[in-house]
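# Return atomic coordinates for the entry below.
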Amino acid sequence: MRMLFVSPSYYPHVGGVEYVVKSIAERLAKMGHEVTVLAGEPNTDKPVEEEINNVHVTRWPVWSPGGAYHIPKRRGELDEWLRRASRNVDVVHLHNVHSVFTIYALHVLRDHGVRKVLTPHYHGTGHTVFRRFLWVFWRGLCRDLVRYVDTVHAVSDYEAGLIARDFGVEPVVIGHGVEEWISGVGWRPEDYVMYSGRIEKYKNIHRLGNIVKILNSRYSYSLKLKVFGDGTYKSRLEKHLEKLGIEFYIHPPQPYGKYIEALSHARLFALISEKEAFGLTVNEANAIGVPVVVAEPWGRNFSDRPRTLVVSLSESDEAIAEKIAHLLETAHREPKPVVPSWSEVASIYLERLYKICE
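As a prediction, this is how the structure comes out:
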C-alpha cells in the first residue's frame, strides 16, 4: 500500500503523537509499504524533504507559538501539495485533532476520494483556561470535518467514549504498542518513584510528591522522586517539592535508551494525570514489569493488567499512598503484563483501519 501520514511534527521532535507516528510508519515501511509523512516544522521557512528509516518525510513550515497549534505557512502551496499527494496514495492517516496543521489538512482533503483515517488523540478539552475556551469553537469544526473521514481510530475505550460523545461517531479501538526489545528488559528496582512526560499542573506531579512523602513517613520507605520532562509547571513544581522536603530530581527529556534504563530501575512508575488519551509510558512500564499507578477515568484502560493500580483522583493523597504501599509489597508476586509490540499493532492497523475502508 501507499500511505500518507499527517502529523503535527515528526522525529527528532519529542512527543507522544510524534513517537506513535514514527513507530507505525517505520514498521509499515519495514513490511514493504510505501510510507510518506507530512509533518509541521517550526524551524524552516520552506518545505524540506528527507528519508528516515525508509520513511519519506516532508517537513512543512509552521508557526508554533509555545510549541503548540502548528499553524501552517505557505497554505496555497500546501493545498496543492496535499491534493497532488492524495491522488498517489491508498490512504491518508491524519493524527491529532488538537493540531491546526492536521485539521487544516483534513479540511483541504475533505471532498477528495482518497480513504481517510483519523486518530484524534483526543483528551476532551484543552489544558489551560484559554485553550478550553478555544475548544468550544474548535470542537464544532472538528465535528463537521469528522464526517468526511472513512474510519476514526481511538487508542482506548475511554477515548472512544469521548469521541462518540463529542463527534457522534463510533471509532475503532486499537491501543498502542512498545518497542520489540522492551519486553526483554528486566525490572531491577531501586528506591525511587518515577514520572516521565510533560510537566503541567493537570499531570498531578505535585500530588505524587505528597504521596512519596507519605510513603516515606508512614510506611518506612526511603523513596526519591525522579521526574523526566519539561513544561509550564516546572518552577512551581520545584518549589512545591522543596517545601515538602523530599529528595527529588527533575531531568530534561532523555534519549529513549536512557529513559528506558531509568524506568527499569524505578520502584514505581506513576501517571496520575487528569487527562490522557492512552499513556504510552504506562505501556512501557508494564512491558518491563515496573509497578504502575494510573488515574481514573482514562486509567481504567489498564485495569486488567497485573502490577497496575487504578486510583480515583477524588481520593485523598493518604488513601492513594496506602493503596500504593500495598501494591509495592505485592507486585513482585504478580506476573509481568503482556503488552503488544509496535509490529503487532501495525499489522492490526492494516487489517482494521486501512482495509476496513475497502
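# Just give the closest residue to residue 119, not the sequence neighbours.
Distances taken as CB to CB, 6 or more residues apart in numbering place residue 153 nearest to residue 119, at 4.5 Å, with adjacent residues excluded. For every residue, glycine as well, the C-beta is placed using N, CA and C.
# Helices of this protein, start to end?
Counting by DSSP state H, the chain has helices at residues 16-30, 75-86, 100-109, 129-146, 157-167, 205-219, 234-244, 256-264, 280-288, 317-330, 342-348.
# Please identify which of those helices is closest to residue 54.
Among the helices of the chain, the nearest to residue 54 by CB to CB is helix 16-30 (4.1 Å).
# State the distance from residue 283 to residue 20.
Distance from residue 283 to residue 20, counting by CB to CB, to the nearest Å: 11 Å.
# One more: residue 186?
Note on residue 186: its distance to residue 20, by CB to CB, is 26 Å.
# quick one, which of those two is more surrounded?
More neighbours surround residue 20 than the other of residue 186 and residue 20, with 23 against 9 (other CB atoms under 10 Å).
# Just confirm that one contacts residue 280, I think it does.
Yes - Residue 20 lies in contact with residue 280 (CB atoms under 8 Å); the separation is 7.3 Å.
# which residues are common contacts for those two?
Taking CB atoms under 8 Å, 6 or more residues apart in numbering as the contact rule, residue 20 and residue 280 both touch residue 176.
# follow-up on the earlier one: show me whatever sits in contact with both of residue 283 and residue 20.
Joint contacts of residue 283 and residue 20 (CB under 8 Å, 6+ apart) are residue 176.
# which ones are touching residue 354?
1, 3, 90, 91, 93, 115, 117.
# Please report which of those residues has the highest neighbour count.
Most surrounded of the contacts of residue 354: other CB under 10 Å gives residue 93, at 26 neighbours.
# hang on, isn't it packed against residue 5?
Yes - taking contacts as CB under 8 Å, residue 93 lies within contact range of residue 5: 5.1 Å.
# By mean pLDDT, point me to the weakest helix or strand of the chain.
helix 129-146 (a mean of 81; mean pLDDT, DSSP states H and E).
# Give me the packing partners of that helix, helices and strands only.
For helix 129-146, the packing partners by 3 or more CB pairs under 8 Å, 6 or more residues apart in numbering; DSSP states H and E come out as helix 100-109, helix 157-167.
# Off-centre distance for that helix?
The chain centroid and the centroid of helix 129-146 are separated by 20 Å under CA atoms, centre = their mean, to the nearest Å.
# now swap in stretch 35-44 and tell me
On the basis of CA atoms, centre = their mean, stretch 35-44 sits 18 Å off its chain's mean C-alpha point.
# With stretch 142-150 instead?
That offset, for stretch 142-150, works out to 22 Å (CA atoms, centre = their mean).
# same question, stretch 276-294
11 Å.
# same check, this time on stretch 59-70
That offset, for stretch 59-70, works out to 18 Å (CA atoms, centre = their mean).
# Just the buried residues of it, please?
For stretch 59-70, the neighbour count (16 or more other CB atoms under 10 Å) marks 59, 60, 61, 62, 64, 69, 70 as buried.
# do the same with stretch 104-122
Within stretch 104-122, the residues that count as buried by 16+ other CB under 10 Å are 104-106, 108-109, 114-122.
# Tell me the spatial nearest neighbour of residue 82, not counting adjacent residues.
residue 108 (4.9 Å).
# What distance do you get for the one you found to residue 75?
Separation of residue 108 from residue 75 (CB to CB) stands at 9 Å.
# what residue ranges in this structure are flagged as low confidence?
Under the criterion pLDDT under 70, the flagged ranges of the chain are 125-131, 133, 356-358.
# For the nearest residue to residue 183 once chain neighbours are set aside, which residues are in contact?
Spatial nearest neighbour of residue 183, excluding adjacent residues (CB to CB, 6+ apart): residue 287 at 5.1 Å. Residues near residue 287 by CB under 8 Å, 6+ apart: 178, 182, 183, 185, 336, 337, 339.
# Format the residues you listed as a markdown table; extra columns: neighbour count and distance to residue 210.
Formatted as a markdown table, those follow (neighbours: other CB atoms under 10 Å; distance: CB to CB, whole Å):
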| residue | neighbour count | distance to residue 210 |
| --- | --- | --- |
| 178 | 23 | 30 |
| 182 | 20 | 30 |
| 183 | 17 | 33 |
| 185 | 18 | 30 |
| 336 | 17 | 29 |
| 337 | 21 | 27 |
| 339 | 21 | 29 |
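# okay, those residues in JSON lines with distance to residue 163 next?
Putting the contacts of residue 287 into JSON lines (distance: CB to CB, whole Å) gives the following:
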{"residue": "178", "distance to residue 163": "24"}
{"residue": "182", "distance to residue 163": "28"}
{"residue": "183", "distance to residue 163": "30"}
{"residue": "185", "distance to residue 163": "33"}
{"residue": "336", "distance to residue 163": "31"}
{"residue": "337", "distance to residue 163": "26"}
{"residue": "339", "distance to residue 163": "23"}
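# Which members of those define the maximum pairwise distance?
Spatial extent of the contacts of residue 287 (CB to CB) is set by the pair 185 and 337 at 13.2 Å.
# check contacts around residue 59.
By CB under 8 Å, 6+ apart, the neighbours of residue 59 are 10, 39, 40, 41, 44, 47, 48, 49, 50.
# ok, now with 6 Å
By CB atoms under 6 Å, 6 or more residues apart in numbering, the contact list for residue 59 reads 39, 41, 44, 48.
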